[in-house]
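Visitor: Below: sequence and its predicted model.
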Amino acid sequence: MAVPPINTPRSFWQAFWQALDERLGISALKYEVPEHAQGIWYSLGGISLMAFVVLVISGIWLAQFYDPMPEHVRASMEFILREAPGGFFMRNLHYWAANVVMVTVLLHMLRVLYTGSFKRPRELNWLVGVGLLAVTVGFVFTGTVLKWDQEAVEALEHNVEVAHLLGGIGTFFSPHFAERIPLLTRVFTAHVTVLPFLLVLLLIAHFLLIKLHGLAPNAFAHREATTRKTSGEPTRTTFLQHVGVVGAYALVGLGVLVFLSVALPAQLGPVPVEGVEVTKPWWPFLSLFALENWIGLRGLVWAGAAVFVALALVPLLDRTPYLHPSRRAAFLIAYALLALAMVALGLYAKFAPGAAHLG
């Protein structure tokens with residue numbers, strides 16, 4: 001009896017893909033992506049993720065030369081910038097990638113807000129997104145402290161006074177929580193372990209919820225938000241192809257990051273002097289800095305908390321099934337005014353004289 005021929009893949013790469021797909025189920029990601037989700041506005045989340053990858057890679061490299069002990073940290077920063085292999089470039093790449101992440105995360109949330117993509121049944125994913133924003137802000141703050149110049153020391157002193165203001169709630173952020181370990185060292189630990197752990201957990205939840213509910217319906221097609229899947233909408237690509245589109249945007253962004261890292265290197269501020277307030281915070285915190293000028297440290301704390309409460313309340317304040325912006329005008333105007341107020345406060349703080357807040 002003749003032995004039937006064995007069906008073998010036509011090439012090595014087909015065999016490799018078949019073996020990989022059999023074990024990882026990658027083909028499950030070939031589900032269709034609706035036409036309205038093409039383009040850069042629906043790619044902002046993916047671009048943010050790619051920029052986070054750049055932050056992780058550059059951060060791992062920088063950590064090889066960084067000493068988080070207060071008596072050694074300044075010397076290690078200067079070593080990174082002047083002598084460490086690739087240190088100058090990696091530090092600047094890290095700085096500009098952090099700016100990109102902050103901008104794209106905010107734009108991504110604004111797009112979700114404008115298109116009503118947080119509505120039923122996607123409310124929980126919006127809250128996960130608010131958590132991701134909080135973690136991103138935590139990265140920005142701890143990263144500011146770790147460069148250990150005058151701005152960094154003032155940021156850390158603000159951290160200590162906020163901890164005292166919050167009482168028992170702020171114990172973990174106080175130097176008294178672990179008196180044998182310098183607070184700077186603990187900030188470094190939070191930056192490289194605690195915050196990445198929280199980030200990964202929230203990203204997993206974010207992606208699983210997107211996979212469960214699918215992308216939100218087209219806000220401009222007069223569809224209702226309660227649609228769980230977008231199966232009735234025109235499609236052009238699969239998710240894997242959409243990832244390729246996001247990757248293309250990310251490659252362009254990486255080119256921009258490399259250019260900025262070379263052409264506009266981040267400056268390390270002067271050697272820090274404790275108890276002196278002469279700097280202003282990085283741009284994400286300028287609006288809170290303005291309120292601190294007027295109200296004091298309590299203004300910074302409660303205004304920051306109020307912003308996150310306002311974001312968390314979004315799914316409760318806009319519970320109608322409508323997605324089209326024209327049918328949600330009052331809600332969008334209210335949040336647009338909040339955003340404009342924060343921008344105006346930030347511009348005021350940028351050009352207004354500083355004030356003493358500590359002590």
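Guide: Thanks, I have it.

Visitor: ok, how many other residues are close to residue 354?
Guide: By other CB atoms under 10 Å, the residues close to residue 354 number 14. Every residue, glycine included, has its C-beta placed from N, CA and C.

Visitor: My error: substitute residue 305 in the last question.
Guide: By other CB under 10 Å, 10 other residues sit near residue 305.

Visitor: Not counting sequence-adjacent ones, nearest residue to residue 44?
Guide: Excluding the flanking residues, the one nearest residue 44 by CB to CB, 6 or more residues apart in numbering is residue 108, at 3.9 Å.

Visitor: Just after the host helix or strand of that neighbour, pick out the following helix or strand.
Guide: Assigned by DSSP states H and E, residue 108 belongs to helix 87-115. Of the helices and strands lying after helix 87-115 in sequence (DSSP H and E), the nearest is helix 123-146.

Visitor: now the angle between helix 123-146 and the next helix-or-strand element following that next one, please.
Guide: Next helix or strand after helix 123-146 toward the C-terminus (DSSP H and E): helix 150-166. With axes from the mean of the first three to the mean of the last three CA atoms, to 10 degrees defining the directions, helix 150-166 sits at 120 degrees from helix 123-146.

Visitor: helices and strands around helix 150-166, which ones?
Guide: Using 3 or more CB pairs under 8 Å, 6 or more residues apart in numbering; DSSP states H and E, the elements in contact with helix 150-166 are helix 123-146, helix 183-189, helix 297-312.

Visitor: cutoff 10 Å now
Guide: Identification of packing neighbours for helix 150-166 by 3 or more CB pairs under 10 Å, 6 or more residues apart in numbering; DSSP states H and E yields helix 70-82, helix 123-146, helix 183-189, helix 297-312.

Visitor: How about that helix, which residues are buried there?
Guide: By neighbour count with 16 or more other CB atoms under 10 Å, helix 150-166 contains the buried residues 150-163.

Visitor: Give the rounded mean pLDDT of that helix.
Guide: Over the span of helix 150-166, the pLDDT mean works out to 92.

Visitor: Can you dump the C-alpha atoms of that helix in CSV for me?
Guide: What follows is helix 150-166, C-alpha atoms only, in CSV (Å, rounded to 0.1, in the frame of the first residue of the first chain):
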residue,chain,number,x,y,z
GLN,A,150,17.4,71.7,42.3
GLU,A,151,14.0,70.9,40.7
ALA,A,152,14.3,67.3,42.0
VAL,A,153,15.1,68.3,45.6
GLU,A,154,12.2,70.8,45.7
ALA,A,155,9.9,68.1,44.3
LEU,A,156,11.0,65.7,47.0
GLU,A,157,10.5,68.3,49.7
HIS,A,158,7.0,68.9,48.4
ASN,A,159,6.4,65.1,48.6
VAL,A,160,7.5,65.2,52.3
GLU,A,161,5.2,68.1,53.2
VAL,A,162,2.2,66.6,51.3
ALA,A,163,2.8,63.4,53.3
HIS,A,164,2.7,65.4,56.5
LEU,A,165,-0.5,67.2,55.3
LEU,A,166,-2.2,63.9,54.6
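
Visitor: That helix versus helix 70-82: what angle between them?
Guide: 140 degrees.

Visitor: now the angle between helix 297-312 and helix 150-166, please.
Guide: Going by the same axes, to 10 degrees, helix 150-166 makes 80 degrees with helix 297-312.

Visitor: quick one on the thing from earlier: what is the nearest of the buried residues of helix 150-166 to residue 99?
Guide: residue 151 (15.1 Å; CB to CB).

Visitor: quick one: contacts for the closest one?
Guide: Neighbouring residues of residue 151 by CB atoms under 10 Å, 6 or more residues apart in numbering: 144-145, 268-270, 272, 278-282.

Visitor: again, but for residue 97
Guide: By CB under 10 Å, 6+ apart, the residues touching residue 97 are 50-59, 253-254, 257, 260-261.

Visitor: still on that earlier bit, dump the contacts of residue 151 to CSV, plus distance to residue 85 and secondary structure.
Guide: Below are the contacts of residue 151 laid out as CSV (distance: CB to CB, whole Å; DSSP: H, G, I helix; E, B strand; the rest coil):
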residue, distance to residue 85, secondary structure
144, 25, helix
145, 25, helix
268, 18, coil
269, 24, coil
270, 26, coil
272, 26, coil
278, 34, coil
279, 30, coil
280, 33, coil
281, 31, coil
282, 27, coil
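
Visitor: now these as CSV including pLDDT?
Guide: Output for the contacts of residue 151, formatted as CSV (pLDDT from 0 to 100):
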residue, pLDDT
144, 96
145, 96
268, 92
269, 92
270, 92
272, 91
278, 88
279, 90
280, 90
281, 91
282, 92
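
Visitor: Next, the buried residues of the host helix or strand of residue 62.
Guide: Per DSSP H and E: residue 62 is located in helix 44-63. Neighbour counts over helix 44-63 (16+ other CB under 10 Å) mark 44-52, 54-55, 58-59, 61-62 as buried.

Visitor: Over to stretch 260-267?
Guide: So, applying 16+ other CB under 10 Å, buried residues of stretch 260-267: 260-261, 265-266.

Visitor: which among those gets closest to residue 69?
Guide: residue 266 (22.6 Å).

Visitor: mind listing what the closest one touches?
Guide: Counted by CB under 10 Å, 6+ apart, residue 266 has contacts 81, 88, 91-96, 98-99, 147, 260.

Visitor: Distance of it relative to residue 350?
Guide: 18 Å (CB to CB, to the nearest Å).

Visitor: do residue 150 as well
Guide: Separation of residue 150 from residue 350 (CB to CB) stands at 18 Å.

Visitor: about what we covered before: quick one, which of the helices and strands packed on helix 150-166 is nearest to residue 208?
Guide: Between the helices and strands packed on helix 150-166, helix 123-146 lies closest to residue 208; by CB to CB that is 9.2 Å.
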